[in-house]
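Visitor: A predicted structure for the sequence below; I have some questions about it.
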Amino acid sequence: MNYGTATVIFCDLENQKTSYADKLEAIETIARLETHNGYKKSLFIDALRWIFDHFDFETGDEYKRDIRMLKGDGNGR
């Protein structure tokens, strides 16, 4: 994925028209850039939140939103 496409997707992770796989690839593409000076910190925070809301770290699968159960209260407890 080129940087321009990755940036467009990275800046709009809630776009329902973009596939789950493309969103993950865009996040990885941006995260692996040598510098991140052109990106606001809030975009990286949004990307982290999106990952935690949509990715099951135990299985590597996409979460099914209707059956997702968070461990803890979201505040580190």
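Guide: Cool, got the structure.
Visitor: angles on the backbone of residue 55, please.
Guide: Backbone geometry at residue 55, expressed as degrees, to the nearest 10, gives phi -120, psi 130.
Visitor: try residue 15
Guide: Per degrees, to the nearest 10, the backbone of residue 15 is at phi -70, psi 120.
Visitor: low-confidence ranges, this protein, go.
Guide: Residues of the chain meeting the criterion pLDDT under 70: 59-77.
Visitor: could you point out the longest helix of it?
Guide: helix 41-54 (DSSP state H).
Visitor: mind listing the helices for the chain?
Guide: So, for the chain - with DSSP H - the helices run 3-10, 20-31, 41-54.
Visitor: a markdown table for those, including mean neighbour count?
Guide: All C-beta spots, glycine's among them, are computed from the backbone N, C-alpha and C. Below are the helices of the chain laid out as a markdown table (neighbours: other Cβ atoms under 10 Å):
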| stretch | mean neighbour count |
| --- | --- |
| helix 3-10 | 16 |
| helix 20-31 | 16 |
| helix 41-54 | 14 |
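Visitor: returning to that earlier point: helices or strands up against the longest helix of the chain?
Guide: Under the contact criterion of 3 or more Cβ pairs under 8 Å, 6 or more residues apart in numbering; DSSP states H and E, helix 41-54 touches helix 20-31.
Visitor: hmm, who's touching the helix it packs on?
Guide: Counting contacts by Cβ atoms under 8 Å, 6 or more residues apart in numbering, the residues outside helix 20-31 that touch it are 1, 3, 5-10, 13, 36, 39, 47, 50-51, 54-55, 62.
Visitor: just stretch 9-17 next, same as before
Guide: By Cβ under 8 Å, 6+ apart, stretch 9-17 touches 18, 22-23, 26-27, 29-30, 39, 43, 46-47, 50.
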